[in-house]
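[1] Structure for the following, please:
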Amino acid sequence: RGSGAAADPQLLAGDGRVAEQVSGAQGAPLRFRLRGDGFWQVHRDAAQVLADAVAAAAGGAGSVLDLYCGAGLFSVRLAAQPGVRVHGIEGSPAAIAAARDSAAANGTAATFAAARIESLERLPEAQAVVVDPPRAGLGARVVEAILASPAERLVYVSCDGATFARDARGLAAGGFALASFAAHDLFPLTAHQETVAVFAR
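    Predicted coordinates for the structure are as follows:
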């Protein structure tokens, strides 16, 4: 287009969805069908490593709230574990539709809602919260909502060290202590890292 605006994607063949797969807790495959323009972890092979790290970090929690859940990678992986209830929230209705489809296809009971996380007055109750925000991080309002929730554990997946550090200061000031921190190289040959941090009250 002459205006410089990005053109809508044009489907040339197939149903416009991409198949992805990770292994569940017992090694059984978990299958995801994503829109071609939907979000998935940039390093496809390392998505498994990241999903396993999040599942281990949230292990032991009977109920998990997955904020910025996208197409449900962490939600479906966590809900595949026996006795774990998961509720995911994401601002994109298309991503939520994909997450619901993936949860149903894999026989998990994860539930999902489309909502702008920053506009939530109160977070649904859960023993653990998983967050995977965009590069802008959580921001003060979401940090305050997490601090006001009864969650005892927070698993923070970050792709930006500066915004993570800012949010970590707010979480620490509100009573969450950093329990563990690990970096994963999901962006080879770049300076970027994906980190998984665990906070506990």
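[2] For this structure, which segments count as helices?
    Remark: helices assigned in the chain by DSSP state H are 46-57, 73-79, 93-105, 139-148, 161-173.
[3] and those, which is most packed in?
    Sort the helices of the chain by mean neighbour count, taking mean count of other CB atoms under 10 Å, and helix 73-79 sits at the top with a mean of 27. Yep, even glycine has a C-beta here, placed from its N, CA and C like the rest.
[4] do you know which of the helices of the chain lies nearest Leu34?
    helix 93-105 (5.5 Å; CB to CB).
[5] and Gly27, how many residues sit next to it?
    A total of 6 residues lie near Gly27 under the criterion other CB atoms under 10 Å.
[6] what residue ranges in the protein score low on pLDDT?
    For the chain, applying pLDDT under 70 flags the ranges 1-7, 16, 36-44.
[7] returning to that earlier point: let me have the helices of the chain in a markdown table, extended by distance to Glu194.
    As requested, the helices of the chain are arranged in a markdown table below (distance: least, CB to CB, whole Å):
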| stretch | distance to Glu194 |
| --- | --- |
| helix 46-57 | 6 |
| helix 73-79 | 12 |
| helix 93-105 | 18 |
| helix 139-148 | 19 |
| helix 161-173 | 10 |
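[8] Please identify which of the ones you listed is closest to Pro9.
    Proximity to Pro9, assessed across the helices of the chain by CB to CB, is greatest for helix 93-105 (12.3 Å).
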